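Student: what's the 3D shape of this:
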Amino acid sequence: VRVPWLVGLSLKDASSILSRRNLALGHVGYAPDVHNALDSSLAVVVSQDASPADELYVREGTAIDLYLGKH
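Tutor: The predicted structure is shown next:
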């Protein structure tokens, strides 16, 4: 499965894309500037463990870890 570029997307949008590509949402981490529920709802993906820049394809069902922060 081709690895999607998720940087800049909300957690909801990133999760939806992963699901459509038959990939799993792995661990979700937050930057220190995300303090409360409002911050987390406004946070976007700032990095992902499997990046299309590093590896174009992963096995179907692979979990992709995301790190979210304010933009």
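Student: For the worst-scoring helix or strand of the chain on mean pLDDT, C-alpha coordinates in CSV please.
Tutor: Of all helical and strand segments in the chain, the minimum by mean pLDDT, DSSP states H and E falls on helix 37-42, at a mean of 90. Output of helix 37-42 as CSV, limited to C-alpha atoms (Å, rounded to 0.1, in the frame of the first residue of the first chain):
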residue,chain,number,x,y,z
ALA,A,37,-9.0,19.3,24.6
LEU,A,38,-9.5,22.5,22.5
ASP,A,39,-5.7,22.5,21.6
SER,A,40,-6.0,18.8,20.6
SER,A,41,-9.0,19.4,18.5
LEU,A,42,-7.1,22.1,16.6
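Student: what residues does the helix or strand following it touch?
Tutor: Sequence-wise, the next helix or strand downstream of helix 37-42 (DSSP states H and E) is strand 44-48. Contacts of strand 44-48 with the rest of the structure, by CB atoms under 8 Å, 6 or more residues apart in numbering, involve 6-11, 14, 31, 64-71. The way it works is simple: take the backbone N, C-alpha and C, and place the C-beta from them, glycine included.
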